[in-house]
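Asker: I would like the atomic coordinates for the input below:
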Amino acid sequence: MNEMITAAVSRPARVAKDLVHKHDADQVLLSGLRRLAEDEFLIAADWTDTSGLAATRHSHQDGAVLLTETIRQTFPLLAHAGYAVPFGDRLLWDEYRYTLNLTALRDGGTGGRPDLHVRCHDVVRRRGRVSGLSLDITVLRDGEQLATAHTRFSIQSPAIYERLRGPHGDAHRMLEVARSRPLPPPVSGTSDEFRDAVLSPTDARDRWQLRIDTRHPMYFDHPSDHAPGILLLEAAKQAARAVRHPRAGVAEAMETIFHRYVELDSPCRVDAQLLPDDQLGRARLLVTMHQDDRLCFTALVSVAKEPVG
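Answerer: Presented below is the predicted three-dimensional model:
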């Protein structure tokens, strides 16, 4: 398998959709993987045609959605092709942080074929199988740095996952439950298209309900028994734009922790709290998500000092 993936680096074709856990081949963003050292890799991405990713169509200002989905696709690719993780094992997001080079993204746009230089560390193995990985990632395009990121994910066998998830582990049943509930209206101004809006208004200031559209072509490309991590990240990003603060705007950097799953069968509350500016003078917001009075997700969002045109 490694030979097949390595050869793909020099070809315009993208990797097989199964290797990035996608059902729709048009949503695949990676075109190759090359091992540089035991735990270092070069991953080729292809942003020349991202029309299959609905949520990226209006993210040209900052590229955060495209970057995050590209990085998310590296998890299964590295797991299967780099560390021999069996298909069927579940990959679980633990933490994620990124910093964007907004000037480079503004000047060069979000097209082209960037390279992701990935260093894996803190590799955990149990009974000869990888069960956890941390990734440090630098994203370059034509030698210019577009972003840096750090993330960690853990890996569970199907048997362990099913035991831990219990009745919530049935993706098809959970989707049926979610689709039987009315979809709340979108917050005005959080997205150029209703189907990409993931926040719904409430009566409280700087508080929303998470809007989970289980028919969204990117977030639910395949059945899931919980709200996917990339949807939670987009909600934090949209909250940073919608919050009632004079410097609300583009999320230039974000630090997130996934504490527990956001389930599909009960409402999830999204709150934004203003914090003191960071050391670079950027406005900071703490976005939290609670479900059934339990903390599920936190995001520390640093907002760009000036609007990105």
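Asker: quick check: pLDDT value at Met55.
Answerer: For residue 55 the amino acid is Ala, not Met. Ala55 is assigned a pLDDT of 58 by the prediction.
Asker: against Gly109, how distant is Ala227?
Answerer: Distance of Ala227 to Gly109, given as Cβ to Cβ, to the nearest Å: 30 Å. For every residue, glycine as well, the C-beta is placed using N, CA and C.
Asker: which one's more surrounded, the two?
Answerer: For Ala227 versus Gly109, the count of surrounding residues by other Cβ atoms under 10 Å is larger for Ala227: 25 against 12.
Asker: alpha carbons only: can I get the helix or strand Val177 falls within in PDB?
Answerer: Here Val177 sits within helix 171-179, counting by DSSP states H and E. Provided in PDB are the C-alpha atoms of helix 171-179 (Å, rounded to 0.1, in the frame of the first residue of the first chain):
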ATOM      1  CA  ALA A 171     -25.100   5.700  13.600                       C
ATOM      2  CA  HIS A 172     -28.200   4.900  11.500                       C
ATOM      3  CA  ARG A 173     -30.500   5.000  14.600                       C
ATOM      4  CA  MET A 174     -29.000   8.300  15.800                       C
ATOM      5  CA  LEU A 175     -29.400   9.800  12.400                       C
ATOM      6  CA  GLU A 176     -33.100   8.800  12.300                       C
ATOM      7  CA  VAL A 177     -33.600  10.400  15.700                       C
ATOM      8  CA  ALA A 178     -31.800  13.600  14.700                       C
ATOM      9  CA  ARG A 179     -33.800  13.800  11.400                       C
END
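Asker: avg pLDDT for that helix?
Answerer: For helix 171-179, mean pLDDT rounds to 94.
Asker: do stretch 288-306 as well
Answerer: Averaging pLDDT along stretch 288-306 yields 94.
Asker: name the residues of it that are buried.
Answerer: When burial is assessed from 16 or more other Cβ atoms under 10 Å, stretch 288-306 yields the following buried residues: 288-291, 296-304.
Asker: quick one, phi/psi of Ala84?
Answerer: Here is the backbone geometry of Ala84 (degrees, to the nearest 10): phi 60, psi 30.
Asker: partner residues bridging Arg129?
Answerer: Each beta-bridge partner of Arg129 is listed here: Arg126, as defined by DSSP bridges.
Asker: contacts for the helix or strand harbouring Ile257, please.
Answerer: Ile257 belongs to strand 251-258 when elements are defined using DSSP H and E. Contacts with strand 251-258, where a contact means Cβ atoms under 8 Å, 6 or more residues apart in numbering, come from 62, 64, 92-100, 102, 229, 232-233, 236-237, 240-241, 282, 296-304.
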